[in-house]
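1. kindly return the folded structure for what I paste below:
(one chain, ligands or ions: 2)
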Amino acid sequence: MLNKVLFFDDDINWVKTLDVYFKDSKIELCHVTIIEDIRAQIIKDPTFNIVIIDISNPRRSILEVIRYIKLNVPSVKMILTVSDIKILNKLGLTGGALIKLGVEDVVVKPYSKEILIKSINGIKQFETWKTLKNLNEEEDDQEEIVREPDDHFTGVKLENYISGSINVFDLYIRTMRNNYIRIFHRGKKFNRQKIEKYQFKEKIEYLYFKTADRGTYINFTNKLLEKMVDKDLNVSKKAGLVKEVSEIYIDEIFTKGIDAQIVSEGESVCRNVYNLIQEDDILFELLEGYLNLEKSFRSHLFGTMFFSSVICKNVEWASENTVEKTCLGAMLHDIGILKLPEIFKTLSVKAMTAQQLVQYKNHPAAGVEMLAKFPSISEPVKQIVYQHHEMADGSGFPNGLPGIRIFPLARIVALANYFSNYIVEKKMAPKQAIHEFVMERNTMIKFDQALIKSLIIGFIKKGKT
Ligand SMILES: [Fe+2]
Ligand SMILES: [Fe+2]
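-> Ligands and ions are numbered 1, 2, ... in the order given. This is a model prediction of the structure:
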């Protein structure tokens with residue numbers, strides 16, 4: 001699909017640069033140098049799908065235009081450009097405010113052609129399923145053998161796969177190593193009977209899609225989950241879905257890195273986790289059962305997010321907003337590890353050499369540095385990432401802050417992070433591990449006592465149901 005971009009920037013020289021950027025691209029560009037002209041252009045031509053607004057000269061009229069777009073053409077994706085991030089604060093455009101206004105990305109000037117094009121394409125890429133039409137319905141959905149390496153595919157447990165009536169990407173079953181059968185095509189009807197046909201031959205536990213479609217899967221599943229909040233769907237089904245989408249999200253972010261769209265998907269994942277956690281006490285038991293004790297980066301991150309949500313649920317001062325921020329902070333807390341050699345993803349602190357330890361202790365700062373480019377990630381989330389190894393007794397890093405000076409949401413993630421590692425190290429189910437954990441006096445002084453209580457309450461409540 002061709003992107004049609006409407007562009008406002010009152011810096012004539014910069015507009016000239018853009019003309020060069022877009023000269024041979026497939027993007028159709030129309031630029032205006034007077035902010036009020038945006039409205040007129042949109043009315044004149046409703047086929048623009050992206051509007052880029054420069055806010056380097058902040059003024060009220062810009063905000064009015066942004067609100068106008070959000071209200072009247074919500075399908076248009078908005079990107080802001082700015083010469084200095086501080087201007088966003090001046091306009092009150094931080095974190096949630098940007099999302100509320102429908103802004104999907106902020107790009108800092110001077111930006112390269114690649115960065116801008118990535119921002120434009122990135123925004124569309126996960127959402128193309130929304131414009132899918134069921135074409136050629138009559139035509140049979142032919143199956144096809146595909147031989148490609150396993151790492152080109154991502155599996156979803158069949159019981160956790162949820163489809164709309166139309167497949168939003170090609171779906172496969174795996175027959176053996178590096179061998180797949182494409183059983184559904186994108187745009188064709190999903191049909192469970194077809195899977196059952198294969199079930200006769202052998203048990204199918206997973207459905208696969210191309211790893212390249214992971215972003216689409218996350219976006220699509222998030223949207224479905226949002227719609228399901230009030231629906232009377234089986235709790236275990238919902239829990240399975242949330243777990244699946246969270247883990248696939250973690251895979252995406254930790255193999256492909258972050259960009260603006262993946263950040264906003266993370267917020268949806270966290271909202272879904274939050275809604276789920278609120279629902280039912282048996283959920284705790286359910287999700288606990290889903291945690292696995294294998295030492296992998298993905299389960300560590302999911303565990304940290306899960307325990308953070310449990311703690312938040314039992315903390316009086318935590319609001320919906322707090323839980324979502326904490327949950328996102330938990331999911332991203334170790335993002336700085338991506339800057340270190342691969343081995344750090346699973347290496348335990350105890351096994352590190354002195355030199356490795358020095359490198360490792362830099363990961364909170366490296367994480368914040370990576371997130372600095374994303375103004376839509378709020379300050380609290382960045383603080384969580386920066387302080388998730390600070391300990392109440394001052395023994396943590398990077399700054400050895402005493403408890404009182406540690407950001408409250410970072411204290412939650414610090415405890416969840418520690419406990420998530422603890423259950424893996426002890427190879428114990430969380431319920432069992434919590435008993436031992438609270439007996440360790442030297443460890444207990446490292447955390448906020450009220451938060452330890454909140455974590456324990458999560459387990460007790462469950463025991464009563
Ligand atoms: Fe960490
Ligand atoms: Fe961690």
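
2. for the rest of this, base every contact and every neighbour count on C-alpha atoms.
-> Noted.

3. show me which helix runs longest in this protein.
-> helix 235-256 (DSSP state H).

4. contact partners of it?
-> Outside helix 235-256, the residues that touch it by C-alpha atoms under 8 Å, 6 or more residues apart in numbering are 156, 159-162, 214-215, 218, 221-222, 225, 262, 266, 269, 272-273, 276, 283, 286-287, 290, 298-299, 301-302, 331, 335, 338.

5. could you do stretch 104-115 as well?
-> Contacts with stretch 104-115, where a contact means C-alpha under 8 Å, 6+ apart, come from 18, 21, 77-85, 98, 116, 119, 123, 260-261, 264, 374-376.

6. quick one, helices of the stretch 201-350 of the chain?
-> With DSSP state H, counting those that start in this stretch as the criterion, the stretch 201-350 of the chain has helices at 214-228, 235-256, 260-279, 282-290, 297-313, 320-332.

7. the second one - what's its average pLDDT?
-> In this case it means helix 235-256. Averaged over helix 235-256, pLDDT sits at 84.

8. run the chain-centre distance for it.
-> In terms of C-alpha atoms, centre = their mean, to the nearest Å, the centre of helix 235-256 is found 9 Å from the chain centre.

9. in a strand, L80, correct?
-> Yes - according to DSSP: H, G, I helix; E, B strand; the rest coil, L80 belongs to a strand.

10. pairing partners for it in the sheet, please.
-> Beta-bridge partners recorded for L80 (DSSP bridges): I53, V106.

11. neighbours around it, how many?
-> L80 is flanked by 21 other residues according to other C-alpha atoms under 10 Å.

12. and I377, how far from V269?
-> Distance of I377 to V269, given as C-alpha to C-alpha, to the nearest Å: 14 Å.

13. so those two - more neighbours on which side?
-> V269 (29 against 23).

14. check what pLDDT that one gets.
-> You'll see V269 listed with a pLDDT of 87.

15. so who does L371 touch?
-> Contacts of L371 were listed using C-alpha under 8 Å, 6+ apart, and they are 377, 382.

16. next one: T81
-> 52-56, 106-109.

17. now, which of these sits nearest A433?
-> Comparing those against A433 with C-alpha to C-alpha places V106 closest, at 43.2 Å.

18. burial count for the closest one?
-> V106 has 25 neighbours, counted by other C-alpha under 10 Å.

19. for this structure, name the helix or strand with the lowest mean pLDDT.
-> Lowest on mean pLDDT, DSSP states H and E among the helices and strands of the chain sits helix 282-290, with a mean of 68.

20. report the secondary structure element holding G92.
-> Counting by DSSP states H and E, there is no helix or strand that carries G92.

21. name all residues that make contact with it.
-> By C-alpha under 8 Å, 6+ apart, the contact set of G92 is empty.

22. how far away is it from L63?
-> Computed as C-alpha to C-alpha, the G92 to L63 distance reads 10 Å.

23. CSV for the helices of the stretch 201-350 of the chain, including distance to L357?
-> Formatted as CSV, the helices of the stretch 201-350 of the chain follow (distance: least, C-alpha to C-alpha, whole Å):
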stretch, distance to L357
helix 214-228, 33
helix 235-256, 21
helix 260-279, 29
helix 282-290, 31
helix 297-313, 18
helix 320-332, 20
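
24. out of those, nearest to F437?
-> Evaluated over the helices of the stretch 201-350 of the chain, closeness to F437 peaks at helix 297-313, with 14.0 Å, by C-alpha to C-alpha.

25. ok, and what's touching that closest one?
-> For helix 297-313, contacts defined as C-alpha under 8 Å, 6+ apart pick out 243, 246-247, 250-251, 273-274, 277-278, 291-293, 318, 323, 326-328, 330-332, 334, 345-346, 412-413, 415-417, 419-421, 451, 454-455, 458.

26. report the buried members of these.
-> 243, 246-247, 250-251, 273-274, 277, 291-293, 323, 326-328, 330-332, 334, 345, 412-413, 415-417, 419-421, 451, 454-455, 458 (16 or more other C-alpha atoms under 10 Å).

27. report the contact partners of the most centrally placed residue in the chain.
-> By C-alpha atoms, centre = their mean, the chain has its centre lying nearest to G266, at 2.0 Å. Residues near G266 by C-alpha under 8 Å, 6+ apart: 249, 328.

28. okay, now the unreliable bits of the stretch 1-150 of the chain?
-> For the stretch 1-150 of the chain, applying pLDDT under 70 flags the ranges 1-2, 94-96, 122-141.
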